[in-house]
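>>> turn this into a structure:
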Amino acid sequence: MKLDPVIERAKSILLTPREAWLTIRDEPDEIVDLYKNYLIYIAAIPAVAIFIGQSIVKYRVPFEQEITYIPIGLGLSLMIRRYLLYLIGVFIAGYLISRIAPHFQAQKDVKLAVKLVGYSATPGWIASGLYIIPRLGDLSVFGYIFGIYLFYTGATTLLDCPEERATSFTIVSLLILMTISILVSIFTSP
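Residues are numbered from 1 along each chain as shown. As a prediction, the model looks like this:
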């Protein structure tokens with residue numbers, strides 16, 4: 001298991017997104033390659049960090065005085081469930097986004113849409129590593145905001161979405177992503 005390609009891809013998508021999207025567009029990889037070479041590693045970051053923060057470090061429940069924790073067994077169960085739902089969620093979101101793409105004059109391609117969703121999740125999932133220290137976890141929102149920008153730039157490159165339609169395509173796609181995120185939260189709350 002070499003993590004160097006994963007780290008290099010994450011760096012390229014974070015630091016030079018336009019060039020990274022061009023490279024990703026031209027890769028012959030299939031969806032399964034995206035999962036086994038990238039997503040299984042990146043999606044583990046938030047799942048493991050949240051487990052550590054909630055079950056080992058402990059966290060303060062909002063609006064309550066006491067510090068609480070989730071027992072290790074339950075925490076492990078939630079971590080595995082969260083991890084699997086992240087991976088499933090990327091595919092479902094990519095599929096749904098590919099279905100709406102033609103309405104925005106973008107290309108209908110499930111493989112490219114899954115790549116778009118998976119790679120644009122990178123900054124949010126990396127920033128979610130802050131959940132190891134529960135009070136810092138809320139700062140991960142900035143990673144997700146950057147992910148919206150990555151999605152926007154990727155939509156024009158990967159799915160050939162016209163610039164004038166990219167904003168509305170991104171907003172509608174964001175609604176899909178938020179719905180899936182809310183569902184994952186519901187199924188992974190203690």
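
>>> buried sites along the longest helix anywhere in the chain?
In the chain, taking DSSP state H as the definition, the longest helix is helix 72-100. For helix 72-100, burial by neighbour count (16 or more other Cβ atoms under 10 Å) applies to 75, 78-79, 82-83, 85-87, 89-94, 96-98, 100. Where you see a C-beta, it was placed from the backbone N, CA and C, and this is true even at glycine.

>>> what helices and strands are in contact with it?
Counting contacts by 3 or more Cβ pairs under 8 Å, 6 or more residues apart in numbering; DSSP states H and E, helix 72-100 packs against helix 44-51, helix 110-120, helix 163-187.

>>> hmm, who's touching stretch 45-55?
59, 69-72, 74-76, 78-80, 82-83, 86, 124-126, 128-134, 137, 140, 190 (Cβ atoms under 8 Å, 6 or more residues apart in numbering).

>>> what residues sit buried inside the host helix or strand of I7?
I7 belongs to helix 4-15 when assigned by DSSP states H and E. Using 16+ other Cβ under 10 Å as the test for burial, helix 4-15 gives 6, 9-10, 12-14.

>>> same deal with stretch 132-141?
132, 134, 137, 140.

>>> start to end distance for it?
15 Å (Cα to Cα, to the nearest Å).

>>> number of residues surrounding the spatially closest residue to L158 that is not a sequence neighbour?
Nearest residue to L158, sequence neighbours excluded (Cβ to Cβ, 6 or more residues apart in numbering): L112, at 4.6 Å. Neighbourhood size, L112 [other Cβ atoms under 10 Å]: 24.

>>> ok so, going back, quick one, which of the helices and strands packed on helix 72-100 is nearest to L150?
helix 110-120 (4.1 Å; Cβ to Cβ).

>>> for the residue most central in space within the chain, what are phi and psi?
Most central in the chain under Cα atoms, centre = their mean is A121, positioned 2.9 Å from the mean C-alpha point. Main-chain torsions, A121, degrees, to the nearest 10: phi -80, psi -10.

>>> how much space between it and L175?
16 Å (Cβ to Cβ, to the nearest Å).

>>> where does pLDDT dip in this structure?
1, 59-68 (pLDDT under 70).

>>> switch to 80 and redo it
Scanning the chain for pLDDT under 80 picks out 1, 58-69, 134-135, 190.
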